[in-house]
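Visitor: coords please:
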Amino acid sequence: MAKAIMIQGTMSNVGKSLITAGLCRIFAQDGYKVAPFKSQNMALNSYITKEGLEMGRAQVMQAEAAGIEPSVLMNPILLKPTSDTGAQVIVNGEVRQNMNAREYFAFKKQLIPDILEAYHKLEEEYDIIVIEGAGSPAEINLKNEDVVNMGMAKLVNAPVLIVGDIDRGGVFAQLLGTMQLLEEDEKSLVKGLIINKFRGDKSILDPGVEMLEQKAEVPVLGVTPYMQLDIEEEDSLTERFHVKKEVELIDIAVIRLPKISNFTDFNILENIKGVSLRYVGTVSELKNPDMIIIPGTKNTMEDMLWLRQSGLEAAILKKAAENKVIFGICGGFQMLGDNISDPDGVEAGGVIKGMNLLPMDTVFQGNKIRTRVTGRFGQVKGILSDLSGEAVEGYEIHMGISYFREKLQNMTSVSNLVDGEEKLDGAYYDNIYGSYIHGIFDKEQIATKVITCLAKAKNIDLDQISSRDYSEHKELQYNILADTLRQHLHMPEIYAILNG
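Guide: This next block holds a predicted model:
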């Protein structure tokens, strides 16, 4: 049976996911079969497995770091927020139902058998499981119903390392306060502390580390530096949205919708030299991009209304009239049409006007489409015509079906990898393009062709633009992460904890 170690944190965004990924890579490099696990994840960024099941992207990233195929067993419960107080509850990759916070709080312990079944299946296949917690284990109002922090650790008797974020300040209070709010049986599971995101001379920190160890009565197993890594992040706490970038030769603006999902679709475009990819949330931030991407969203109708009220819809329509490329993905694709209707109240209910850039209507229905697809672009016209015939692959996660009211050219012809069905996807009309496929840009040749097309439209010398193999780039990032953690964590002690 697999050995386990659990990474918890003093709060959200302290670096739990990265530390978990780094340990997965280290253990894999050392010859172990290792898998990540998170019993309950709340995120709008999700992924579809080869079986057509939905899981959080953080565990996909960690599986990549471990060198294994992502499995829904690694994330048996996924919560996708539908509002400030409600979420879609996904169990073992399939939608169970929508619940408000109070309903789910009373219900979630009923999911413990699902959590344990998934964990034990992994336990039979792997040598080591690196478990990630969520938020903080010291939320005293939530502890009795906890299934993701100390509740999970107790279910499988996993030793725990607690991570604190020094970059935000107050890391000693974070870590010591967390320890003091734990029950005695919970404290007994904590075997070490990690101070993360440190900048500066560590020797200045040493007296505080010594005092923390005395007061917390557990060792500090490392002070890890602030790492500038290009590794996928899973939710809206990402720093990507707030980085102010200079406009490069080719400028791409991604609309930062309030319910934006799967923004990892565009990471590859950020890694092309000569390209700026900016997330914009106001008209003043939009400027004059060469391409505007309207991304996926968990609530198409509400985000369409926000787009209209913010003035960004009018700004996008102006750029479309100037022959700029407008590209919609999933919910963003639905917004490009004429009407979005929700007769069954799947989202907000009723009907809302779209942007009238593609002559199509979208109707929301109760069934969620979840599948992986592979295929090719058809005969694409307009600025992105060089995409014609290129191979494409990705996945679909959406409610709603789009119907074309006029003869529109489909963008891709794809095969559903779950049931083998052949189908057409997406549409284009002049300089307007849309698709339901997440990951449509992930192949290097697709990303390069998109940038090449935009460069040709501006008569830019293509020698000034260069891409890199995205898979190799990600592997390099995981190795840098592992090398950095090896240097700054006390790995012999962590192995000793792992071995009991």
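
Visitor: buried stuff in stretch 17-33?
Guide: 17-29, 32 (16 or more other CB atoms under 10 Å). All C-beta spots, glycine's among them, are computed from the backbone N, C-alpha and C.

Visitor: what are the boundaries of the strands in the stretch 151-300 of the chain?
Guide: Along the stretch 151-300 of the chain, counting by DSSP state E, counting those that start in this stretch, strands occupy 160-165, 190-198, 220-225, 250-255, 260-261, 275-280, 291-294, 296-297.

Visitor: mind listing what's buried along the helix or strand hosting residue 497?
Guide: Using DSSP states H and E, residue 497 sits within helix 491-498. By neighbour count on 16+ other CB under 10 Å, the buried set for helix 491-498 is 491, 494, 497, 498.

Visitor: alpha carbons only: can I get it in CSV?
Guide: Presented in CSV, the C-alpha positions along helix 491-498 are these (Å, rounded to 0.1, in the frame of the first residue of the first chain):
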residue,chain,number,x,y,z
MET,A,491,14.4,16.1,2.0
PRO,A,492,16.1,13.4,4.3
GLU,A,493,13.7,14.5,7.1
ILE,A,494,10.8,14.5,4.7
TYR,A,495,11.6,10.9,3.6
ALA,A,496,11.9,9.9,7.3
ILE,A,497,8.5,11.4,7.9
LEU,A,498,7.1,9.5,4.9
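
Visitor: just want the angle from it to strand 160-165.
Guide: Angle of helix 491-498 versus strand 160-165, following axes from the mean of the first three to the mean of the last three CA atoms, to 10 degrees, is 140 degrees.

Visitor: what angle sits between helix 491-498 and strand 220-225?
Guide: Per the same axes, to 10 degrees, the angle that helix 491-498 makes with strand 220-225 is 130 degrees.

Visitor: so what's residue 297 up against?
Guide: 257, 259, 260, 261, 303, 330, 331, 332 (CB atoms under 8 Å, 6 or more residues apart in numbering).

Visitor: residue 18 versus residue 50, what's the distance?
Guide: 26 Å (CB to CB, to the nearest Å).

Visitor: so residue 229 touches residue 477, yeah?
Guide: Yes. Using CB atoms under 8 Å, residue 229 makes contact with residue 477 at a distance of 5.2 Å.

Visitor: of the two, who's got more company?
Guide: residue 477 (19 against 14; other CB atoms under 10 Å).

Visitor: how far away is that one from residue 28?
Guide: Taking CB to CB, one finds residue 477 at 15 Å from residue 28.

Visitor: quick one: low-confidence parts of the chain?
Guide: 234-239, 464-467 (pLDDT under 70).

Visitor: could you chop it up by domain?
Guide: 3-231+475-498, 250-464 (automatic domain parsing).

Visitor: would a markdown table of the ones you listed with distance to residue 244 be doable?
Guide: Below are the domains of the chain laid out as a markdown table (distance: least, CB to CB, whole Å):
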| stretch | distance to residue 244 |
| --- | --- |
| domain 3-231+475-498 | 16 |
| domain 250-464 | 8 |
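
Visitor: residue 240 is nearest to which of those domains?
Guide: Closest to residue 240 of the domains of the chain, according to CB to CB: domain 250-464, at 6.3 Å.

Visitor: what about stretch 259-267, distance to the chain center?
Guide: 7 Å (CA atoms, centre = their mean, to the nearest Å).

Visitor: same check on stretch 183-200?
Guide: 26 Å.

Visitor: figure out the length between the terminal residues of that stretch.
Guide: Stretch 183-200 has an end-to-end distance of 34 Å (CA to CA, to the nearest Å).

Visitor: and if you look at stretch 50-58?
Guide: End to end - CA to CA - stretch 50-58 spans 17 Å.

Visitor: for the strands of the stretch 151-300 of the chain, give me TSV that also has distance to residue 374.
Guide: Listed next are those as TSV, based on distance: least, CB to CB, whole Å:
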stretch	distance to residue 374
strand 160-165	38
strand 190-198	39
strand 220-225	39
strand 250-255	25
strand 260-261	22
strand 275-280	25
strand 291-294	22
strand 296-297	19
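
Visitor: can you say which of those is nearest to residue 242?
Guide: When these are compared by CB to CB, strand 275-280 sits nearest residue 242, at 8.1 Å.

Visitor: got a list of what the closest residue to residue 123 other than its chain neighbours touches?
Guide: Once flanking residues are discounted, residue 123 sits nearest to residue 2: 4.5 Å by CB to CB, 6 or more residues apart in numbering. Listed by CB under 8 Å, 6+ apart, the contact set of residue 2 reads 35, 122, 123, 124, 125, 126, 127, 128, 129.

Visitor: what's the answer for residue 95, then?
Guide: 54, 88, 89, 368.

Visitor: and for residue 108?
Guide: So residue 108 contacts 40, 77, 145, 147 (CB under 8 Å, 6+ apart).

Visitor: and those residues, which two are the farthest apart?
Guide: Greatest spacing in these, by CB to CB: 77 and 145 (13.1 Å).

Visitor: the two: who's more crowded?
Guide: Counted by other CB under 10 Å, residue 77 and residue 145 do not tie: residue 77 has more neighbours, with 24 against 13.

Visitor: out of the domains of the chain, nearest to residue 243?
Guide: Closest among those, once you apply CB to CB, is domain 250-464, at 8.1 Å.

Visitor: from the chain's centre, how far out does the longest helix seen in the chain sit?
Guide: When the chain is parsed with DSSP state H, its longest helix is helix 470-488. Averaging C-alpha positions (CA atoms, centre = their mean) puts helix 470-488 18 Å from its chain's average.

Visitor: next: stretch 136-149.
Guide: Using CA atoms, centre = their mean, the offset of stretch 136-149 from its chain centre is 23 Å.

Visitor: repeat that for stretch 461-474.
Guide: 22 Å.

Visitor: quick check: end-to-end length of it?
Guide: End to end - CA to CA - stretch 461-474 spans 28 Å.

Visitor: so where do the helices sit in the stretch 151-300 of the chain?
Guide: Counting by DSSP state H, counting those that start in this stretch, the stretch 151-300 of the chain has helices at residues 171-180, 184-187, 202-216, 267-270, 283-286, 300-309.

Visitor: and of these, who's closest to residue 157?
Guide: Per CB to CB, nearest to residue 157 of the helices of the stretch 151-300 of the chain: helix 184-187, 10.9 Å.

Visitor: which neighbouring elements make contact with the closest one?
Guide: Packing contacts for helix 184-187, counted by 3 or more CB pairs under 8 Å, 6 or more residues apart in numbering; DSSP states H and E, involve helix 150-156.

Visitor: which residues touch the helix it packs on?
Guide: Contacts of helix 150-156 (CB under 8 Å, 6+ apart): 4, 6, 8, 39, 112, 115-116, 119, 131, 133, 137, 143, 145-147, 158-160, 182-183, 185-186, 189.

Visitor: what number of residues lie near residue 242?
Guide: With other CB under 10 Å as criterion, residue 242 counts 9.

Visitor: about what we covered before: what is the most widely separated pair among the contacts of residue 95?
Guide: 89 and 368 (12.3 Å).

Visitor: quick one, which of the two is more surrounded?
Guide: residue 89 (20 against 16).

Visitor: surely the more buried one is in contact with residue 100?
Guide: No. Under the criterion of CB under 8 Å, residue 89 is not in contact with residue 100, lying 10.7 Å apart.

Visitor: quick revisit: among the strands of the stretch 151-300 of the chain, which is nearest residue 388?
Guide: It is, among these and with distance given as CB to CB, strand 291-294, at 17.6 Å.

Visitor: elements contacting the closest one?
Guide: By 3+ CB pairs under 8 Å, 6+ apart, strand 291-294 packs against strand 250-255, helix 312-321, strand 325-329, helix 331-335.
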